[in-house]
Every structure is written in structure tokens, then in C-alpha cells.
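Colleague: Mind looking at a prediction? Sequence and model below.
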Amino acid sequence: MSKTILISGASKGFGKAWTEAFLEKGYKVAATARNIDTLNDLKAKYGDAILPLKLDVNKREDSFAIVEKVKNHFGTIDILINNAGYALNGAVEEASEAEARAQFETNFFGTLWLTQAVLPIMRNQKSGHIIQVSSILGIATLPVIGLYNASKFAVEGLSETLASEVKQFGINVSLVEPNGYFTDIWGNGFHSESIPAYDGIKKALADGHDPDTFGQVSATVPAIVKLVEAENPPLRLFLGKIALPFAKQTYEQKLKTWEEWADVSVAAHG
């Protein structure tokens with residue numbers, strides 16, 4: 001059965017690859033981007049099946065207007081994929097106020113606005129699937145990308161809560177948590193002004209870089225198609241071979257610390 005999908009951040013990377021895959025499956029796709037010229041090739045190939053729409057997800061009113069436009073054009077929205085986002089590179093101390101706020105405006109609030117906008121439609125139709133593109137860095141962290149880590153942790157908390165609220169309406173929520181992939185999110189030019197004290201940790205991270213830890217975007221296509229077609233989609237889905245071992249290691253360390261301090265914790269209950 002054909003589905004109508006609204007996906008943000010469709011100009012490149014995951015968004016572009018997934019948009020084309022959905023169109024190949026015969027789905028109707030409303031694809032948003034800041035520059036919709038990047039979607040001209042898909043429009044030429046798939047015609048009316050794709051609706052390219054210019055959107056800056058930071059603007060709440062624009063996000064609500066886009067959702068209304070998609071609903072009026074296609075008649076329904078079955079799936080929302082919140083994919084728009086970017087990574088601010090730099091140590092926590094290095095981030096300016098403007099940089100920190102901008103990171104959350106796009107990665108967190110942009111996700112929130114589109115989510116809020118589609119919920120009345122999905123509640124009324126008693127069905128829907130909201131897919132939030134998070135990251136393994138919303139589960140575990142790496143240094144010198146702290147604001148990005150924090151924004152994805154926020155998306156995780158928001159989405160887990162949302163899932164418990166909207167299940168009663170027949171709406172599913174899934175967090176897609178990729179490990180590193182060969183996209184331009186890491187080399188996009190968003191870098192805080194450097195403080196020399198952090199040069200050592202940056203160099204150590206760069207020297208330890210292993211290309212094998214980065215996946216190929218094209219390899220994610222079967223997984224995302226399987227997710228949108230699932231009758232009972234999971235709350236969480238890792239993409240890539242590195243994410244699960246990284247998460248296991250992180251949670252083993254967390255549990256060890258909590259258990260070591262359990263007596264102190266229990267005593268603090270009163």
C-alpha cells in the first residue's frame with residue numbers, strides 16, 4: 001500500500017538517499033530542504049510523486065505551514081521523518097552562545113516543531129509513524145562534539161516520552177541512531193573558535209580515526225525501508241556495525257558506576 005512520507009533535510013546524505021528509495025517504492029514524498037534545487041533531479045524523474053518544499057526547520061510557523069500544505073496536497077501524512085540537522089565541532093568551552101543555541105534550534109527544536117505540527121493529523125486519522133533521526137551520540141558521547149551530543153540526547157528524551165503519550169492514538173515513534181557515516185555532517189565547516197588547550201585531545205581523536213568505523217549511506221536504504229514498512233516498528237534502531245558495541249560498552253560503564261555508588265544513593269533516599 002502506498003504511503004505518504006514527509007521528510008526534512010532531503011537535499012543530501014541520508015535524506016536524499018532515502019527520498020529516492022521511497023519514490024522507487026511508489027510512495028508519495030514531500031521532501032523539504034533549504035535549497036530545493038538539490039531535488040530537481042528527483043522531480044524530473046518522479047514527477048508528481050515528489051513535492052519539493054523549501055523549509056528552514058528552525059522556524060516554527062513555517063514548519064506548521066508546510067505540514068498543512070502537504071496535507072492539503074496529498075490528503076494525508078502517514079510518516080514523518082525528522083532528518084534535518086548538522087554537527088557543531090568543538091569543545092564545550094569553545095562554543096559561543098549563538099553557536100550553542102543554533103545547534104539546538106535545528107537539531108532539537110526543528111524536530112519538535114514538525115512533530116507537533118503532524119500530531120493533530122495523525123491523531124485524527126488514528127495512525128502514523130514519526131521517525132526521529134538521532135545518533136549513537138544520543139546514547140554515548142565523543143569529545144569535541146559536545147553540543148551535538150547534547151542535542152541528540154535531547155531528541156532521545158523527547159521522543160521516548162512522545163512514544164508513551166501517542167501510542168494510544170495508533171501513532172508509532174522510532175529513533176534511528178546511526179553510527180558515523182560518510183556524509184558531510186562532520187566536515188561541514190561548523191567549527192567553534194579554537195582554544196589551544198584542547199588541541200591535544202582533538203589531535204588524539206583525529207589520529208585514532210579509523211575509516212572502517214564509518215558506514216556507507218547507500219547501505220542504510222534497506223533498513224529504513226524495512227522500518228517504514230514495519231507493522232510494529234521498534235522504538236530504537238541502530239544503523240551501522242559500530243553503534244551496538246559502543247552502546248553496550250557505555251552502559252556497562254554506567255551500570256558499574258551506579259552499582260559502586262549504590263549504598264550512597266540508597267542512603268540519600270531517607
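Modeller: Perfect, I can see it now.
Colleague: Tell me where the stretch 1-150 of the chain has helices.
Modeller: In the stretch 1-150 of the chain, the helices defined using DSSP state H, counting those that start in this stretch lie at 13-24, 40-46, 60-74, 97-104, 110-125, 146-166.
Colleague: So which residues make contact with the first one?
Modeller: With C-beta atoms under 8 Å, 6 or more residues apart in numbering as the test, helix 13-24 has contacts from 3, 5, 7-10, 29, 31, 33, 38-39, 42, 45-46, 49-50, 81, 83-84, 133, 178, 181, 183-185, 217-218, 220-221, 224-225, 228. Placement of C-beta: from N, CA and C, glycine included.
Colleague: Deepest in the core, which of the helices of the stretch 1-150 of the chain is it.
Modeller: Of the helices of the stretch 1-150 of the chain, the one with the most neighbours on average (mean count of other C-beta atoms under 10 Å) is helix 13-24, at a mean of 22.
Colleague: about what we covered before: export the helices of the stretch 1-150 of the chain as a markdown table, with columns for mean pLDDT and distance to Ala243.
Modeller: Listed next are these as a markdown table, based on pLDDT from 0 to 100; distance: least, C-beta to C-beta, whole Å:
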| stretch | mean pLDDT | distance to Ala243 |
| --- | --- | --- |
| helix 13-24 | 97 | 14 |
| helix 40-46 | 98 | 28 |
| helix 60-74 | 98 | 28 |
| helix 97-104 | 98 | 21 |
| helix 110-125 | 98 | 19 |
| helix 146-166 | 98 | 12 |
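Colleague: Present the ones you listed as TSV; the columns should include distance to Val266.
Modeller: Output for the helices of the stretch 1-150 of the chain, formatted as TSV (distance: least, C-beta to C-beta, whole Å):
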stretch	distance to Val266
helix 13-24	44
helix 40-46	57
helix 60-74	44
helix 97-104	35
helix 110-125	36
helix 146-166	25
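Colleague: Least confident secondary structure element in the chain?
Modeller: Of all helical and strand segments in the chain, the minimum by mean pLDDT, DSSP states H and E falls on helix 199-207, at a mean of 93.
Colleague: sorry, back to before: out of the contacts of helix 13-24, which end up buried?
Modeller: 3, 5, 7-10, 29, 31, 33, 38-39, 42, 46, 49-50, 81, 83-84, 133, 178, 181, 183, 185, 217, 220-221, 224-225, 228 (16 or more other C-beta atoms under 10 Å).
Colleague: For Lys241, grab the count of nearby residues.
Modeller: 12 (other C-beta atoms under 10 Å).
Colleague: that's a strand at it, yeah?
Modeller: No: read with DSSP: H, G, I helix; E, B strand; the rest coil, Lys241 is coil and lies in no strand.
Colleague: Quick check: it touching Gly215?
Modeller: Yes: counting by C-beta atoms under 8 Å, Lys241 touches Gly215, with 7.3 Å between them.
Colleague: overlap in contacts of these two?
Modeller: Asn179.
Colleague: What segments of the stretch 151-270 of the chain are helices?
Modeller: Ranges of helices within the stretch 151-270 of the chain are 199-207, 221-229, 243-260, 262-267, based on DSSP H, counting those that start in this stretch.
Colleague: export these to JSON lines and tack on distance to Leu162?
Modeller: Formatted as JSON lines, the helices of the stretch 151-270 of the chain follow (distance: least, C-beta to C-beta, whole Å):
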{"stretch": "helix 199-207", "distance to Leu162": "33"}
{"stretch": "helix 221-229", "distance to Leu162": "17"}
{"stretch": "helix 243-260", "distance to Leu162": "21"}
{"stretch": "helix 262-267", "distance to Leu162": "29"}
